[in-house]
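K.L.:
here are the coordinates; sequence isn't available:
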């Protein structure tokens with residue numbers, strides 16, 4: 001099932017994730033693993049877990065809310081499963097529509113993609129990984145209302161913070177040393193947040209947080225979450241979509257039929273699944289399958305990578321698969337707000353790469369090591385002769 005480039009990518013980023021993918025590739029849809037919890041690999045069961053917010057929560061041990069509460073305090077922990085979460089999503093929904101996402105990417109990445117197309121048409125070799133990191137940082141800062149800054153540094157800080165979660169598969173309780181390191185990273189990453197929180201306008205996320213009366217600590221937590229999600233997963237999804245299209249030899253199909261672009265992006269995100277593992281805390285006893293009763297206090301690991309990839313390899317002619325839908329973005333009330341942004345970003349990049357009417361070549365790639373979100377640190381591309 002795993003292509004050689006994808007196998008190398010997963011192994012380099014997180015050998016434990018690679019081992020999980022290999023171990024559960026032929027397992028049943030729901031398996032109990034000692035000291036880890038229940039592992040879900042079936043897309044239908046995965047969606048049930050992610051949609052049942054009463055039985056499965058983010059705030060308890062095993063969920064990302066538990067990690068964020070340790071960094072930003074109990075108000076942040078309660079936010080994920082509380083009413084203010086729904087209030088904020090409703091208040092910012094207009095910032096994440098398809099049209100808003102298109103405008104955001106055009107504003108923050110469009111000029112660069114235009115130059116990229118010109119450079120490639122002129123025979124240049126470009127490092128797509130480096131430019132993707134810069135562009136993702138620029139986009140996130142624009143969305144939050146943060147001032148321009150060193151976007152490569154922003155990406156590196158987000159990557160370092162995310163990598164501290166590599167050891168939380170068995171427990172999301174962070175040791176004191178890890179908390180101290182994470183706190184220092186967060187302090188640098190959010191240095192500009194207090195000022196932006198006070199001054200940003202209503203077209204920004206921080207401005208909306210202030211208008212809703214969310215505290216500054218919660219705003220810092222949300223800004224940090226957006227930096228990690230908006231840069232790490234966005235860059236991973238874009239670069240891996242570019243790589244998958246290249247490795248599958250389907251660029252000519254897309255060049256001959258540009259209407260396949262949406263399908264190419266959907267397939268890239270499905271196969272890449274930038275959030276390959278989603279954790280939840282079991283808040284109350286629940287029967288998830290006929291012979292599987294999950295007990296309060298246990299953990300669930302939704303192995304979204306396998307759930308999404310079970311239908312087959314990357315193929316831009318694949319019809320829509322209702323079982324997976326957008327599972328690579330999660331599901332339920334925690335479905336990724338930036339789904340439309342991720343699609344717009346990947347689509348804009350592919351348009352630039354194929355603007356000359358010729359396929360592109362990947363001449364060199366380097367996999368990121370010890371990265372929570374598998375990605376490339378270098379991806380050199382040029383237009384084929």
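P.N.:
Structure's in. What do you need? On a predicted model such as this, the values are computed, not experimentally measured, just so you know.
K.L.:
so, low pLDDT: which residues of the protein?
P.N.:
1 (pLDDT under 70).
K.L.:
ok, longest helix in it?
P.N.:
helix 128-144 (DSSP state H).
K.L.:
buried ones in that helix?
P.N.:
Residues 128-129, 131-144 are the ones in helix 128-144 that count as buried (16 or more other Cβ atoms under 10 Å). Where C-beta positions appear, they are placed from N, C-alpha and C, glycine not excepted.
K.L.:
contact partners for residue 160?
P.N.:
Residues in contact with residue 160 (Cβ atoms under 8 Å, 6 or more residues apart in numbering) are residue 185.
K.L.:
buried stuff in the strand or helix carrying it?
P.N.:
Here residue 160, judged by DSSP states H and E, is contained in helix 151-163. Within helix 151-163, the residues scored as buried using 16+ other Cβ under 10 Å are 151, 154-163.
K.L.:
check stretch 28-38 too.
P.N.:
Neighbour-count burial for stretch 28-38 [16+ other Cβ under 10 Å]: 29-31, 33, 36-38.
K.L.:
quick one: residue 366 from residue 109, how far?
P.N.:
With distances taken as Cβ to Cβ, to the nearest Å, residue 366 is found 23 Å from residue 109.
K.L.:
cool, and residue 300?
P.N.:
From residue 300 across to residue 109, the span is 36 Å (Cβ to Cβ).
K.L.:
residue 118 now?
P.N.:
15 Å.
K.L.:
so which of the two has more stuff around it?
P.N.:
residue 109 (25 against 13; other Cβ atoms under 10 Å).
K.L.:
residue contacts, that one?
P.N.:
135, 138-139, 345, 348.
K.L.:
does residue 31 count as helix, strand or coil?
P.N.:
strand (DSSP: H, G, I helix; E, B strand; the rest coil).
K.L.:
what about the strands in the protein?
P.N.:
Using DSSP state E, the strands of the chain run over 30-33, 37-40, 56-57, 126-127, 278-282, 286-289, 292-294, 299-302, 360-367, 376-383.
K.L.:
tell me which residues touch residue 232, please.
P.N.:
Residue 232 makes contact with 155, 158-159, 162, 274, 371-373, 375 under the criterion Cβ under 8 Å, 6+ apart.
K.L.:
okay, the residues you listed in TSV with distance to residue 207 next?
P.N.:
Output for those, formatted as TSV (distance: Cβ to Cβ, whole Å):
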residue	distance to residue 207
155	23
158	21
159	27
162	26
274	27
371	31
372	29
373	28
375	30
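K.L.:
how much space separates the closest residue to residue 185 other than its chain neighbours from residue 261?
P.N.:
Nearest residue to residue 185 in three dimensions, chain neighbours excluded: residue 161, at 4.7 Å (Cβ to Cβ, 6 or more residues apart in numbering). Applying Cβ to Cβ, the value for residue 161 to residue 261 is 33 Å.
K.L.:
which residue packs closest to residue 315, ignoring adjacent ones?
P.N.:
What sits nearest to residue 315 in space, not counting adjacent residues and going by Cβ to Cβ, 6+ apart, is residue 267, at 6.3 Å.
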